[in-house]
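**Student:** got a structure for you, letters missing:
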């Protein structure tokens, strides 16, 4: 009878450990990009916004660190007016 109790205690302990690890993962998210709810816009220059919004997703859904630079050609294009000819778009 004591063996049965030990197995149940082990299962309960494992469930609690797994639940705790999942909660730690959820709460370990990096802070979100700053957003102004009144203007419905992200705060900062366009290049800063892009670096924040394009962070990689890590295992467990955690967000990676903000990018120091964007992949080319995004670094040059973000915040600049881009012109596309109607004929080229078709």
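**Tutor:** Everything's here; your move. Here the structure is a predicted model, which means the values were calculated and not measured. Numbering: from 1, shown residues only.

**Student:** which residues of the chain score low on pLDDT?
**Tutor:** In the predicted model, the chain carries pLDDT under 70 at residues 1-7, 21-30.

**Student:** Helices of that one, start to end?
**Tutor:** Remark: helices of the chain, listed N- to C-terminal, are 2-27, 46-53, 74-77, 86-89; assignment by DSSP state H.

**Student:** now the third one: how far from the chain's centre is it?
**Tutor:** In terms of C-alpha atoms, centre = their mean, to the nearest Å, the centre of helix 74-77 is set 21 Å apart from its chain centre.

**Student:** tell me what it is packed against?
**Tutor:** Identification of packing neighbours for helix 74-77 by 3 or more C-beta pairs under 8 Å, 6 or more residues apart in numbering; DSSP states H and E yields no helix or strand. Heads up, the C-betas are built off the backbone N, CA and C, glycines and all.

**Student:** Please report how far the residue nearest the centre of the chain lies from residue 77.
**Tutor:** The chain has residue 63 as the residue nearest its centroid, 3.1 Å off, counting by C-alpha atoms, centre = their mean. In this structure, residue 63 and residue 77 are separated by 23 Å, where distance is defined by C-beta to C-beta, to the nearest Å.

**Student:** swap in residue 47?
**Tutor:** Counting by C-beta to C-beta, the gap from residue 47 to residue 77 is 10 Å.

**Student:** Looking at the two, which one has more neighbours?
**Tutor:** Using other C-beta atoms under 10 Å as the criterion, residue 47 and residue 77 rank with residue 47 on top: 17 against 14.

**Student:** Burial check on residue 14, number of neighbours?
**Tutor:** 10.

**Student:** Please apply the same query to residue 10.
**Tutor:** Around residue 10 there are 10 other residues, counting by other C-beta under 10 Å.

**Student:** what about it, distance to residue 17?
**Tutor:** To residue 17, residue 10 is 11 Å away according to C-beta to C-beta.

**Student:** Residue 80 is in contact with residue 45, correct?
**Tutor:** No - using C-beta atoms under 8 Å, residue 45 and residue 80 do not qualify as a contacting pair, with a distance of 12.0 Å.
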